[in-house]
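K.L.:
model this:
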Amino acid sequence: MYEDLLTDIGLTRSEIAVYFALLDLGSSTTGPIIKKAEIASGKAYLILDKLVMKGLVTHTIKSGRKYFQAKDPEKLLDYIKEKQDLLKNKEESLKKIIPELKAKFDEQKYKPLSEVYEGVKGFKTFYDWALRELKTGDCIYVMGVPKIANEKFEAYLMEWNKKRIASGIKMKIIYNNDCREFGKAREKMKLTEVRYMKPELETPSWIDIFNEYVVTINTHATPMCFLIRNKESAESYKKYFDIIWEQSTAAEEIKNMDKVSKVTNTQGREKIRISWETYGSLMKILESKTSRLSKLIDNVYGLPRGGLPIAVHFSHYFNKPLITDPNKITKRTLICDDILDSGNSIIKLIGEKNAKKYMTVSLYYRLSSKVKPTEYAAIAKDEWIIFPYEQ
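P.N.:
Okay, the predicted model is just below:
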């Protein structure tokens, strides 16, 4: 018990053994101390010198021999006080240089390109950080909040919203259709606009967009927040948000729709609207086909705009970094897109001749494409495919 306590205040186990030996021995030369404390003879003077420097041991010379003696145990309190004073001085010194360090931090814009917040604590840490990052007049756009998220975090989120409103931060939020009871509480809040997704657009995860950040959040099982900082990505997701916002309505206007509907456009080309459920099934197929590439992948890149959600997914799936700079693409980069239609996007990115040398995956592959992906989930025929984030 004593050893653990003394270790916690900064003494080593060897120092504790020597100090206890001296308490029993009184004034002593090194021989008895070594035997009593059971330490190596070569380390005895080193340990004793450290205890002398810490003010816990003193020594005298008698007949040409050095005798050591433990000081009053009250000195342990003095030792702690000295450490506290030293830490206090360091704290004051650190406070003086923090402004300079923060200035350098802001100048270099040293913020993470991607970051993962895991667990309940991670979820709250992310939202607390977001509140500090947002400024008065800013707006956070929240899309696809599922019922389970509110059931888990409602108390925390209500307090978070109070702080948001007090800071003058706006919010536009789109709830899943089954979250009306939670949405109604937000409808009464200042600086807050609320709408509800149509049933076929609902998702188990949701997306936050603010400033240059996009955050994908899943609260099933262990909560997970995956954040990326990229201006282009944030702008693309904001466009998705605007489209879904226009299609979302107030609770009393929500109408039930089929998850997959087919219509015909004015040119006679058939449109197929893909539901989130179908999208998820295609991702599972693509996962199983792409898993064989795991050892070949160093990082993941998504073609703006449709490839980015798939890239984020595979970045999680393979536990590989997500890159957003096309100049960093190598032959060990997994390049993702939602559909290889003409193949021109891939060709523009890596060149037609190089296309076979790179790893490319897509949910859909049109046989007329100039580029065939390494793996794909389904073949697109003549239909015009509309993905759930485009509806």
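K.L.:
Listing request: residues of the protein with sub-threshold pLDDT.
P.N.:
Where the chain drops to pLDDT under 70, the residues are 1, 105-112, 199-204, 249-269, 391.
K.L.:
what's the offset of the lengthiest helix in it from the middle of its chain?
P.N.:
Longest helix in the chain, counting residues (DSSP state H): helix 75-108. Offset of helix 75-108 from its chain centre (C-alpha atoms, centre = their mean, to the nearest Å): 29 Å.
K.L.:
who touches the helix or strand just after that helix?
P.N.:
Following helix 75-108 in sequence order, the next helix or strand is strand 114-118 (DSSP states H and E). Contacts with strand 114-118, where a contact means C-beta atoms under 8 Å, 6 or more residues apart in numbering, come from 122-123, 125-126, 222-229, 315, 321-322. Every C-beta, even on glycine, is put in place using the N, C-alpha and C of the backbone.
K.L.:
Strand partners (parallel or antiparallel) of strand 114-118?
P.N.:
Strand pairing for strand 114-118, using DSSP bridges, gives strand 224-229 (antiparallel).
K.L.:
Quick check: next helix or strand after the strand it pairs with?
P.N.:
By DSSP H and E, the next helix or strand past strand 224-229 is helix 231-247.
K.L.:
List the contacts of that next one.
P.N.:
Residues outside helix 231-247 that contact it (C-beta under 8 Å, 6+ apart) are 141, 143-144, 172, 174, 195, 197-198, 201, 207, 209-214, 304-305, 308, 324, 389-391.
K.L.:
Provide a PyMOL selection command restricted to the buried entries of those residues.
P.N.:
Applying 16 or more other C-beta atoms under 10 Å to those, the buried members can be selected in PyMOL as follows:
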select buried, resi 141+143+144+172+174+195+197+198+201+207+209+210+212+213+214+304+305+308+324+389+391
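K.L.:
Which of the contacts of helix 231-247 fall in helices?
P.N.:
Short answer: the contacts of helix 231-247 in helices (DSSP H) are residue 308.
K.L.:
chain center to the helix or strand where residue 164 lies, what's the gap?
P.N.:
For residue 164, the host element (DSSP H and E) is helix 147-166. Mean-position distance between helix 147-166 and its chain equals 19 Å (C-alpha atoms, centre = their mean).
K.L.:
Which secondary structure elements does it sit against?
P.N.:
Applying 3 or more C-beta pairs under 8 Å, 6 or more residues apart in numbering; DSSP states H and E, one finds that helix 147-166 contacts helix 119-133, helix 180-187.
K.L.:
Go through these and name the closest to residue 161.
P.N.:
helix 180-187 (7.2 Å; C-beta to C-beta).
K.L.:
Check which residues of the closest one are buried.
P.N.:
Per 16+ other C-beta under 10 Å, helix 180-187 contains these buried residues: 180, 182-183, 186.
K.L.:
Closest one to residue 133 out of those residues, please.
P.N.:
residue 186 (20.8 Å).
K.L.:
Can you give me the buried ones in the helix holding residue 164?
P.N.:
By neighbour count with 16+ other C-beta under 10 Å, helix 147-166 contains the buried residues 147, 149-150, 152-153, 157, 160-161, 164.
K.L.:
Same question for stretch 222-234.
P.N.:
223-230, 233-234.
K.L.:
cool, stretch 170-179 as well?
P.N.:
In terms of neighbour count (16+ other C-beta under 10 Å), stretch 170-179 has its buried residues at 170-177, 179.
K.L.:
What of stretch 46-58?
P.N.:
The neighbour-count check on stretch 46-58 (16+ other C-beta under 10 Å) flags 47-48, 50-51, 54, 56-57 as buried.
K.L.:
And the protein, split by domain according to the record?
P.N.:
The record, using automatic domain parsing to delimit domains, assigns the chain the ranges 2-73, 118-253, 262-390.
K.L.:
so can I have CSV of these showing distance to residue 83?
P.N.:
Below are the domains of the chain laid out as CSV (distance: least, C-beta to C-beta, whole Å):
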stretch, distance to residue 83
domain 2-73, 6
domain 118-253, 30
domain 262-390, 41
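K.L.:
still on that earlier bit, quick one: contacts of the helix holding residue 164?
P.N.:
Counting by C-beta under 8 Å, 6+ apart, 123-124, 127-128, 131, 134, 140, 171, 176, 178-179, 182, 185-186, 189-192, 204, 206, 217, 219-220, 223 sit against helix 147-166.
K.L.:
repeat that for 6 Å
P.N.:
127, 131, 178-179, 182, 190-191, 219 (C-beta atoms under 6 Å, 6 or more residues apart in numbering).
K.L.:
what angle do that helix and helix 119-133 make?
P.N.:
Computed by axes from the mean of the first three to the mean of the last three C-alpha atoms, to 10 degrees, the angle separating helix 147-166 from helix 119-133 equals 30 degrees.
K.L.:
so helix 147-166 versus helix 180-187, what angle?
P.N.:
10 degrees.
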